[in-house]
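1. just a sequence and a predicted model for now, questions to come.
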Amino acid sequence: MINKGYAKISYIALLTCSFLAAYTLLSSLITPTEDVNEIVIVESDTTYSPIVVAQNDKVAPKPKKKKYVKKIKRVTFDDVKGGDNFARISTFYEALEKLESGSIDKVRIAYFGDSITESDLCSAAFRKSLQKRFGGEGVGFVPAVSKLSKYRSSIKHTYTSNWKVYRLRKKSQRDFPLGICGNVSKPMVPKEDSLGYVASTICSHTYKKSAKNRLPNSTLIIKNEKEPLNITYILDKKDTLNAVIEVKEGIQFVTLVDSMIDELTISYFPKDTCYVYGLDFSGDKGIYVDNYSIRGNKGNNFVHIKSDIIESFYEKYNYDLTILHYGANVTVPTARDYGWYRISMKKNIKYLKSIEKMSPIILFGMGDRGALVDTLWVSSPDIPYLIKEQKRIAKDREAGFWNILSSLGGENINVSLREKGYLIKDHTHFSRKGAKFFGELTYSKFMEEFKKFQGE
């Protein structure tokens, strides 16, 4: 009886297993409604690797788009050391040789930058060193209006508060005729009463010599295309002169004074809209550096400046070199992919090179940016990734390149620069002392490469 019972149980178990096997086989042939698996594609450098992610939806989800994750190769500070290329600006050094030999009278540099070089920081010491060797006097271009003018030591600059300023940084204002300095200023039409113009409504600006720079050959840079413009300008607080700026298409470069002075004040009496870019103070001979820095700029906004305006400045001043010094507003400590910046800058340099009178271009690589990790200052870890792309930009657009970080001393150099008083508290921006140091370093580097060019 017991053996028959076991046989019966075994028979029932066998039938049950057979039934379950058959059910499982049939289920595999039917579209599933549970335990759906989604295939997510992860992009690597060369292959696509499927990753199975379990889900427990009651209803089969709609197919999702394939997801791609870009794999960024690790870049260290050692990987981006050096790499300077001054051979691509050889025509600039040819111009320096001609200036030294007396076969040409002037050499001029356009220096574009951001808050690292704003208010003539760095470029002032660079200019001073160049002029000491090659001659020249005057600070070159100074904007009509600048809220940073009080920080500029190479010239004293003040202005009334009733100017209207249009800036490149504001997207809504990019349709205005912005200058290569990134802005343009409009003097407002002054009000009149029975006694004449109301003094408080007259737009004016004043330029005074600094302890080391007087004002040679004062040239007004202006766009006046609607009505004749009356201006009054006062020399050295004593001689008052009047002039009429004629109506003319495009930018005008009007020489108001062709001698050396110590102070100039210009007042404007427009009947209609006109635009003032600034003043140029430069002599007849020697070397000049124009500072065109814009706070907050990444260097990828040139395409928003009208090409005919850029052309006007380059045709007038016949620049022998263009410096693009950017990076402080690009770097983000957590970033590792700066491909977007490379694409954007290549587009902008291509735009600049489309200008007929464009000079050779050199990119200055990112210097150091301090990042506070726990209680220690170190170099921001994204910097090698940015410098790698800057090198590639220069190579792809056949521009020169200077690795500033290497010249400064490499990784974590912000710590010693801060200890020397060369950087302010953010471990990134130069102090006045630091700006002088960097300007002189820039001069030394350019002269080092000049010797190589001359075969010394």
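-> On my side now, so go ahead. Numbering: from 1, shown residues only.

2. with only the CA atoms kept, save stretch 325-339 in CSV.
-> What follows is the C-alpha trace of stretch 325-339 in CSV, where atoms were taken according to Å, rounded to 0.1, in the frame of the first residue of the first chain:
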residue,chain,number,x,y,z
HIS,A,325,43.6,86.1,-24.4
TYR,A,326,40.6,84.2,-23.0
GLY,A,327,39.7,81.3,-20.6
ALA,A,328,38.8,82.7,-17.2
ASN,A,329,35.1,82.9,-18.1
VAL,A,330,35.2,79.5,-19.8
THR,A,331,36.7,77.3,-17.1
VAL,A,332,34.3,75.4,-14.7
PRO,A,333,36.0,73.1,-12.1
THR,A,334,33.5,70.3,-12.8
ALA,A,335,33.8,70.4,-16.6
ARG,A,336,35.8,67.9,-18.7
ASP,A,337,34.4,68.4,-22.2
TYR,A,338,35.3,71.7,-23.9
GLY,A,339,34.5,70.5,-27.4
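
3. contacts for it?
-> With C-beta atoms under 8 Å, 6 or more residues apart in numbering as the contact definition, stretch 325-339 has outside contacts at 70, 72, 111-117, 296-299, 341, 364-367, 369, 371, 380-383, 385-386, 388-390, 428-429. For the C-beta atoms, the positions are set from N, CA and C on the backbone; glycine is no exception.

4. one more: stretch 372-385?
-> Surrounding stretch 372-385, the residues in contact under the criterion C-beta under 8 Å, 6+ apart are 72, 75-77, 79-80, 331-338, 366, 368-371, 405, 411-415, 418, 427.

5. ok, back up a step: can I have the buried ones of the contacts of stretch 325-339 as a PyMOL selection?
-> Restricted to the buried members of the contacts of stretch 325-339, where burial is judged by 16 or more other C-beta atoms under 10 Å, the PyMOL selection command reads as follows:
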select buried, resi 111+112+113+114+115+116+117+297+298+299+341+364+365+366+367+369+371+380+381+382+383+385+386+388+389+390+428+429
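
6. now Gly370: how far from Gly421?
-> 14 Å (C-beta to C-beta, to the nearest Å).

7. which among the contacts of stretch 372-385 end up buried?
-> Among the contacts of stretch 372-385, the ones that count as buried by 16+ other C-beta under 10 Å are 75, 77, 80, 331, 335, 338, 366, 368-371, 405, 411-415, 418, 427.

8. so which of those are in strands?
-> When these are checked against strands (DSSP state E), the matches are Gly370, Ala371.

9. leaving out the residues flanking it, which one is nearest to the spatially most central residue of the chain?
-> Nearest to the centroid of the C-alpha atoms of the chain, with distances taken as C-alpha atoms, centre = their mean, sits Gly299, at 2.7 Å. For Gly299, the nearest residue in space outside its immediate sequence neighbours is Tyr326; the separation is 3.5 Å by C-beta to C-beta, 6 or more residues apart in numbering.

10. next, count neighbours for that neighbour.
-> Tyr326 has 25 neighbours, counted by other C-beta atoms under 10 Å.

11. confidence score at it?
-> According to the model's per-residue confidence, Tyr326 sits at a pLDDT of 98.

12. list phi and psi for it.
-> Reported as degrees, to the nearest 10, the phi and psi values for Tyr326 are phi -140, psi 170.

13. ok, it to Phe269 distance?
-> The spacing between Tyr326 and Phe269, counted by C-beta to C-beta, is 39 Å.

14. and if you look at Lys347?
-> With the distance defined as C-beta to C-beta, Lys347 ends up 42 Å from Phe269.

15. just want to know which of those two has more residues nearby.
-> Neighbours per residue (other C-beta under 10 Å) separate Lys347 from Phe269, with Phe269 holding more: 16 against 13.

16. low pLDDT regions in the stretch 201-350 of the chain?
-> Applying pLDDT under 70 to the stretch 201-350 of the chain flags no residue at all.

17. these two touch, right, His205 and Thr265?
-> Yes - applying C-beta atoms under 8 Å, one finds His205 in contact with Thr265, separated by 7.4 Å.

18. of the two, who's got more company?
-> Taking neighbours as other C-beta under 10 Å, His205 and Thr265 compare with His205 leading, 25 against 18.

19. walk me through the domains of the chain.
-> Following the assignment in automatic domain parsing, the chain carries domains at 1-30, 33-71, 76-136+285-456, 143-282.

20. now do the first one, average pLDDT.
-> Computed over domain 1-30, the mean pLDDT rounds to 52.

21. helices of the stretch 1-150 of the chain, start to end?
-> Read by DSSP state H, counting those that start in this stretch, the stretch 1-150 of the chain holds these helices, from start to end of the chain: 2-28, 90-101, 123-134.

22. now for the second one, which elements pack on it?
-> It refers to helix 90-101. Where contact means 3 or more C-beta pairs under 8 Å, 6 or more residues apart in numbering; DSSP states H and E, helix 90-101 is packed against strand 106-113, helix 123-134, strand 286-293, helix 432-453.

23. out of the domains of the chain, deepest packed?
-> When the domains of the chain are scored by mean count of other C-beta atoms under 10 Å, the highest mean neighbour count falls to domain 76-136+285-456 (a mean of 19).
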